[in-house]
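Colleague: Attaching a predicted model along with its sequence, questions to come.
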Amino acid sequence: MTEIRLNEVFTLSYLLLLLIIVAIACPLFLAAGLFIYPILGIMGLLFSTLLIFFFTYFCISKFRKNLVIRITGTKVLIEDEKGSPVREFANESILGFFTYDYLKKKRSLIYFKFLLKDGSRFEIIDSKISDKFDPVANKLLSKAVEDLRSALNMTLVEKNKLRSFLKIGDCRFSIDEMKNIY
């Protein structure tokens with residue numbers, strides 16, 4: 001059994017996180033502009049902006065999790081740090097996954113995107129925004145990708161530089177290299 005530990009990650013896509021931020025922040029900015037600015041002026045607006053940023057950060061941090069990926073002979077089990085399952089799927093149902101090329105690039109951001117036969121996708125993305133290189137994290141992530149690849153019996157199919165530029169996984173691993181899993 002292979003076990004991969006990932007700290008402080010999101011299980012939501014980037015687009016969904018952006019929509020949550022917009023849904024929280026925009027109404028608060030509108031309310032601050034309509035009600036606080038006429039009473040307290042520009043200082044009140046700056047103070048309310050600071051409060052809105054902290055409130056939005058607090059709401060987004062509630063989605064942050066520490067995950068453990070357990071790969072057995074027949075299934076992949078993704079659990080949180082308390083042991084409750086987040087997602088579970090059979091090894092045969094995984095068409096492939098995207099991730100960064102941790103062996104050749106100095107990168108320590110976490111990104112895994114699993115593509116399943118039923119058409120669903122499951123993403124694990126890093127909660128940190130900065131791309132500071134951490135050699136220990138890079139080594140652990142490259143080992144995790146190799147463990148995941150060998151446990152699922154997949155090979156590197158292609159590298160897409162545009163995906164790397166957009167800060168999403170540029171390496172696609174799959175069992176069948178002819179199958180298009182986009």
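Modeller: Right, received. Where do you want to start?
Colleague: give me the element Arg5 is part of.
Modeller: strand 2-10 (DSSP states H and E).
Colleague: Can you give the distance of that strand from its chain's centre?
Modeller: 11 Å (C-alpha atoms, centre = their mean, to the nearest Å).
Colleague: and that strand, what does it pack onto?
Modeller: strand 65-71, strand 121-126, helix 135-151 (3 or more C-beta pairs under 8 Å, 6 or more residues apart in numbering; DSSP states H and E). For every residue, glycine as well, the C-beta is placed using N, CA and C.
Colleague: ok, which stretches of this protein are strands?
Modeller: 2-10, 65-71, 75-80, 85-90, 94-99, 111-116, 121-126, 155-159, 171-174 (DSSP state E).
Colleague: how about TSV for those strands, with mean pLDDT, distance to Lys132 and mean neighbour count added?
Modeller: Output for those, formatted as TSV (pLDDT from 0 to 100; distance: least, C-beta to C-beta, whole Å; neighbours: other C-beta atoms under 10 Å):
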stretch	mean pLDDT	distance to Lys132	mean neighbour count
strand 2-10	84	14	16
strand 65-71	88	20	18
strand 75-80	88	25	18
strand 85-90	87	27	13
strand 94-99	87	19	23
strand 111-116	87	15	21
strand 121-126	86	11	19
strand 155-159	78	23	14
strand 171-174	82	21	22
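Colleague: Would you convert these into a markdown table that also reports distance to Asn138?
Modeller: Below are those laid out as a markdown table (distance: least, C-beta to C-beta, whole Å):
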| stretch | distance to Asn138 |
| --- | --- |
| strand 2-10 | 14 |
| strand 65-71 | 18 |
| strand 75-80 | 22 |
| strand 85-90 | 25 |
| strand 94-99 | 12 |
| strand 111-116 | 13 |
| strand 121-126 | 13 |
| strand 155-159 | 17 |
| strand 171-174 | 14 |
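Colleague: Looking at these, which is nearest to Gly33?
Modeller: strand 2-10 (29.7 Å; C-beta to C-beta).
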